[in-house]
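Chemist: how would this look folded up:
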Amino acid sequence: MSQEWNIKSRGHSCSLCQKPLADRSPVVSALKETPEGYERFDCHPECWKAAERDWEPFSQWDGVYLAPVREERKEALKKEDAGEILRQLVTLDDPAMKNVIYVLAVMLERSKILVERDAKPTDDGGIRRVYEDRKNGDTFVILDPRIRLENLSEVQQQVVALLSGTKSLGEVAQEEVEGQSQES
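Modeler: Alright, predicted model coming up:
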């Protein structure tokens, strides 16, 4: 599969029976790997157990469905938080940003915003990590680039620059490209 990362939002109805998921009820979530990307399933546990399928999930986990909460509109923040920056980077789908994406994901995991649900080896020796956003249930499939210790400081500086607003995504991406061409 060519894509290195991906976001899949939690469904609000059972992928199998189409009935709405109830707030704070058990849910089985699974990812199916397809040629086009990942397909996410969110199901009532009884539907998942009873379903006949001719495929094995790429990743599967049990959780609790939390209905979305409507928040009042707040004033726009000037500085974006780490979760929003991660979403933007994943949406950009720029392989040059793989180190920054991974560090942001680990940072959000340590802050208990993301939870790692699974880790799968790739054919080229890498690892795809499946993270779920605890609050809204979005799933992120992120490539672990196995950052070398001597490069970690530079990546951390890029993440700090993004979070503080002192550098744009474009500036950090350019630094990543230049850093990778120097390593070659």
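Chemist: could you pull out the strands for this structure?
Modeler: Per DSSP state E, the chain carries strands over the ranges 5-8, 25-34, 37-43, 59-65, 114-121, 127-133, 139-144.
Chemist: of these, flag the one that's most buried.
Modeler: Ranked by mean neighbour count, those are led by strand 139-144 with a mean of 23 (mean count of other C-beta atoms under 10 Å). Bear in mind the C-beta positions are built from the backbone N, C-alpha and C, glycine included.
Chemist: can I get it as PDB, trimmed to CA atoms?
Modeler: The C-alpha coordinates for strand 139-144 follow below in PDB (Å, rounded to 0.1, in the frame of the first residue of the first chain):
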ATOM      1  CA  THR A 139      -8.200   6.500  13.700                       C
ATOM      2  CA  PHE A 140      -4.800   7.400  12.400                       C
ATOM      3  CA  VAL A 141      -2.600   4.900  10.600                       C
ATOM      4  CA  ILE A 142       0.900   6.300  10.900                       C
ATOM      5  CA  LEU A 143       4.200   4.900   9.700                       C
ATOM      6  CA  ASP A 144       6.900   4.600  12.400                       C
END
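Chemist: contacts for that strand?
Modeler: For strand 139-144, the surrounding residues in contact (C-beta atoms under 8 Å, 6 or more residues apart in numbering) are 4-10, 29, 31, 38, 40, 86, 90, 98, 101-102, 105, 114, 117, 119, 122, 126-133.
Chemist: repeat that for stretch 27-42.
Modeler: 1, 3, 6, 8-11, 14-16, 21, 43-45, 48, 55, 57-65, 117, 130, 132, 137, 139, 141.
Chemist: repeat that for 7 Å
Modeler: With contacts defined as C-beta atoms under 7 Å, 6 or more residues apart in numbering, stretch 27-42 is touched by 1, 3, 6, 8, 10-11, 15, 21, 43, 45, 48, 55, 57-65, 130, 139, 141.
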